[in-house]
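1. here is my input; please provide its structure:
(chains A and B)
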Amino acid sequence: MSRLHEIQQALAASLARGGPCPPQCDPEEVARAARALEAKRRRAAAHLLPHARHTLGESWRARFHEHAATYTPAGMLYHVDDAWELAERAARSRSPALCRAARRDLAALRRRYVRSRRRRIDRIRERRGLIELVRSWLRGSPGR
Amino acid sequence: MAELPFLGAGVSYRPQWSWEIVRHRDHLGLVEVIPEDFVGPEAQRDLTNLRYAVPVLLHGIGLSLGSAEGLDAGRLEHFAQLAHAVEPPWVSEHIAFTRAGGIEIGHLAPLPFTREAVETVAANVAALRRAIPGVPMLLENIAYAVVLPEAEMSEAEFVRAVIETADCGLLLDLENVHANAKNHGYEPIGFLESLPLERVVEVHLAGGVWLEGQYADTHTRPVPEESWALLEWLAPRAPVRAVIIERDDDLPPFAKLLAEVERARRTLDVAAARDPAGAGR
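-> Sure, this is the predicted structure:
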């Protein structure tokens, strides 16, 4: 592995997965950057999950932190994948109000996007129009 | 790069502004879109429609041109597909990496200022060129919060080496220069003087916020006066053909954004009037 590759793997792990600070980097700088990255994810998720965000109120930040520490989103629509995973987890919560809110947000996401479990660039993609769907069914290859 | 058209000033595309952009197209010289906003056939159709209203530039954020692992084939194919559909006057990406070891960082991460990183970006740019032959390419300087070890050159020397080795135009993000100057303690004009200004084609402007004692390039505020001053300094010294006002969040009424677009356009006009031969038209 090249030196550049080593540095990149270490930095990616520390920024996105809470991994150790890369050697010779300033731990404070790296921790601050990781917090900024989490804040960016949280802002994007709040836009996509307005009901869950509202229901969680003051605990939204802590809830997102818990999610961010255990999930690394993927694909080109990275922020949608992130919000989708959080909503699915929230929809399994013990709080009936949060479950209802998360299901409403998930329904809105499903109207616009399709999510696959594969870690590829098209893990999340925009839902195709009706004509496109009918065509793919006729070809015998329904939308993924 | 000398033959590239002068486009003037415009905005970064946000889906919420689709209608406003079409409605105010006479006040916009161009719109810059992020390929990630156009995934799937419906979205690609929207993009082709948009280009009938206003000139469209493609601005990549996820190709990860600095990746030691090379380019992701799926992302490259998507970028090339949009470039063929839109036929932009030029395309751009960042001097950064966004993925490594199977992890998507979700943000532009800095490269170490080393010769190895320079060669890596140049090799990835060559791969991108093979996918979109003949499309002029610009690379953008980023704002960075983490200083990586083992630097073999300064940031300005690194940006120059990348631009010259990859043989690209420079997309100069003046807000990133402003942010880096504040956070890393250097003088922004001195930094600009060290760059290959003759290769500047496009400029980005945006506004950030102070967070935990650092100036963060969040694209959530109006362009600060410090960045406007940098544009006023730059415009008579570089062949700038386009300025983009970037706004990602806390979106203002579109009229406020148009006022910033108008200010950028006036700044380019004033520079051109003072030195018609030197400006990029």
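2. need the strands for the chain, in chain order.
-> If you meant another chain, say so; for now it's chain A. With DSSP state E, the ranges of strands along chain A come out as A:113-115, A:124-126.
3. oops, wrong one, chain B.
-> B:8-12, B:30-33, B:56-59, B:91-94, B:97-100, B:103-109, B:137-140, B:169-173, B:200-205, B:209-211, B:214-216, B:242-245.
4. tell me the contacts of residue 120?
-> The chain I'm using is chain A. Contacts for A:Arg120 were tallied using C-beta atoms under 8 Å, 6 or more residues apart in numbering or on different chains; they are A:Ala74, A:Gly75, B:Gly74. Bear in mind the C-beta positions are built from the backbone N, C-alpha and C, glycine included.
5. should've been chain B
-> Counting by C-beta under 8 Å, 6+ apart, B:Thr120 touches A:Leu4, B:Gly66, B:Ser67, B:Ala68, B:Leu111.
6. sorry, back to before: return the most buried member of the strands of chain A.
-> strand A:124-126 (a mean of 23; mean count of other C-beta atoms under 10 Å in any protein chain shown).
7. for A:Ala87, find the nearest of the strands of chain B.
-> The minimum distance between A:Ala87 and the strands of chain B falls on strand B:103-109, with 17.7 Å, by C-beta to C-beta.
8. and the contacts of the closest one?
-> The contact list for strand B:103-109 (C-beta under 8 Å, 6+ apart) reads A:8-9, A:11-13, A:15-17, A:37, A:40-41, A:72-75, A:78-79, A:82, B:61, B:94, B:96-99, B:142, B:144, B:146.
9. got the strands of chain A as a markdown table, with mean pLDDT and distance to chain B columns?
-> As requested, these are exported to a markdown table (pLDDT from 0 to 100; distance: least, C-beta to the nearest C-beta, whole Å):
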| stretch | mean pLDDT | distance to chain B |
| --- | --- | --- |
| strand A:113-115 | 87 | 9 |
| strand A:124-126 | 78 | 4 |
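10. out of these, which is closest to B:Tyr13?
-> Nearest to B:Tyr13, of all the strands of chain A, is strand A:124-126, at 15.5 Å by C-beta to C-beta.
11. any idea how far the closest one is from the chain center?
-> 13 Å (C-alpha atoms, centre = their mean, to the nearest Å).
12. name the helices or strands packed onto that strand?
-> Packing partners of strand A:124-126 (3 or more C-beta pairs under 8 Å, 6 or more residues apart in numbering or on different chains; DSSP states H and E): helix A:78-91, strand A:113-115.
13. please work out which of these is packed deepest.
-> Most buried of the helices and strands packed on strand A:124-126 by mean neighbour count (mean count of other C-beta under 10 Å) is helix A:78-91; its value is a mean of 22.
14. what about the residue in the stretch 101-250 of chain B that chain A sits nearest to, neighbour count?
-> Per C-beta to the nearest C-beta, B:Pro149 is where the stretch 101-250 of chain B lies closest to chain A, at 3.5 Å. Residues lying near B:Pro149 (other C-beta atoms under 10 Å in any protein chain shown) number 12.
15. got it, and B:Ala123?
-> B:Ala123: 15 neighbours (other C-beta under 10 Å).
16. check contacts around it.
-> B:Ala123 neighbours (C-beta under 8 Å, 6+ apart): B:Gly70.
17. would you mark the buried spots in the longest helix along chain B?
-> The longest helix of chain B (DSSP state H) is helix B:254-274. Residues of helix B:254-274 classed as buried under the neighbour-count rule (16 or more other C-beta atoms under 10 Å in any protein chain shown) are B:Phe254, B:Leu257, B:Leu258, B:Glu260, B:Val261, B:Arg263, B:Ala264, B:Arg265, B:Thr267, B:Leu268, B:Ala271, B:Ala272.
18. could you say what helices and strands that helix packs with?
-> On a contact count with 3+ C-beta pairs under 8 Å, 6+ apart, helix B:254-274 meets strand B:8-12, strand B:200-205, helix B:225-234, strand B:242-245.
19. using PDB, write down the CA coordinates of the last one.
-> In PDB, the C-alpha atoms belonging to strand B:242-245 read as follows (Å, rounded to 0.1, in the frame of the first residue of the first chain):
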ATOM      1  CA  ALA B 242     -17.400  32.800 -14.600                       C
ATOM      2  CA  VAL B 243     -18.300  33.500 -10.900                       C
ATOM      3  CA  ILE B 244     -20.600  31.200  -9.000                       C
ATOM      4  CA  ILE B 245     -22.400  32.200  -5.700                       C
END
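20. not counting sequence-adjacent ones, nearest residue to the residue nearest the centre of chain A?
-> By C-alpha atoms, centre = their mean, chain A has its centre lying nearest to A:Asp82, at 0.7 Å. The shortest distance from A:Asp82 to any residue other than its chain neighbours is 3.8 Å, reached at A:Pro73 (C-beta to C-beta, 6 or more residues apart in numbering or on different chains).
21. run a quick neighbour tally on the one you found.
-> Neighbours of A:Pro73 under the rule other C-beta under 10 Å: 24.
22. dump the strands of chain B into CSV; add mean pLDDT as well.
-> CSV is the format used below for these (pLDDT from 0 to 100):
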stretch, mean pLDDT
strand B:8-12, 97
strand B:30-33, 97
strand B:56-59, 97
strand B:91-94, 98
strand B:97-100, 96
strand B:103-109, 93
strand B:137-140, 98
strand B:169-173, 98
strand B:200-205, 98
strand B:209-211, 90
strand B:214-216, 91
strand B:242-245, 98
